[in-house]
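In: Please work out how this folds:
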Amino acid sequence: MERILKRETHSSRAVASILAAVLVIALCVYALLETAVRAVGQLPWLVDPETAAEQVVALPNGVPPLLLGVVGAVLLMAGLFFFLNAVLPGRRARHLLQDRRTAVVVDDEVIASALARRARVAANVSQEQVMVTVSRKQVQVNVRPTSGVPLSPDAVLTAVRDELRDMRLAPTPEVRINVAPAGVIGA
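Out: From the prediction side, this is the model:
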């Protein structure tokens, strides 16, 4: 069950792994081909390995700086893609609902919708006046009050926390309420 839940809450790195493996295999096959062609005494298929090594050593002399910059930037982006894919956690925007009988995985947008409804009712405002964002560790509730109607941030906070407690999310995010200083007219 744990393995299934982890698979549902974390993104796969299979695409990046396959891409890296294909690049390494292609480079190794090419090097093997050139080495075999040289061992047999034939002309190189694309570039003689010895000549290629000499050209790499003497690279800055005959190549325009703009081309060197572009190639360097492309290599930097490719390296950064693989590095970040390996280091970052790769979590999906989902939470687990704690239940003894079943495994329940809920998308963060669904949680945000339920919390926005509860905050809207507690603040006595319209649907357009409440926006909720849910992340792994935090729930941010933004409320724009109606002009002239008092709004209690503590009541909204209590209502959202009660809803989160009823959901029994794992991990339980921290709740922050942000009440806009300017109200909405005629809502």
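In: and the helix or strand Val22 falls within, what's its mean pLDDT?
Out: Secondary structure from DSSP states H and E places Val22 in helix 14-40. What helix 14-40 shows for mean pLDDT is 88.
In: in it, what counts as buried?
Out: Using 16 or more other Cβ atoms under 10 Å as the test for burial, helix 14-40 gives Ala20, Glu34, Val37. Every C-beta, even on glycine, is put in place using the N, C-alpha and C of the backbone.
In: From what I see, the second one and Leu43 are in contact.
Out: No - here Glu34 does not reach Leu43: they are 10.7 Å apart, not a contact under Cβ atoms under 8 Å.
In: Adding distance to Leu27, write the buried residues of helix 14-40 out as CSV.
Out: CSV is the format used below for these (distance: Cβ to Cβ, whole Å):
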residue, distance to Leu27
Ala20, 11
Glu34, 11
Val37, 16
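In: contacts for stretch 166-175?
Out: 95-99, 106, 111, 114, 134-139, 141, 157, 160-161, 164 (Cβ atoms under 8 Å, 6 or more residues apart in numbering).
In: For those residues, which ChimeraX command selects only the ones that are buried?
Out: To isolate in ChimeraX the members of those that are buried, counting by 16+ other Cβ under 10 Å, one can use:
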select :95,96,111,114,134,139,141,157,160,161,164
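In: Restricted to strands, list the contacts of stretch 166-175.
Out: His95, Leu96, Leu97, Val106, Val134, Gln138, Val139, Val141 (DSSP state E).
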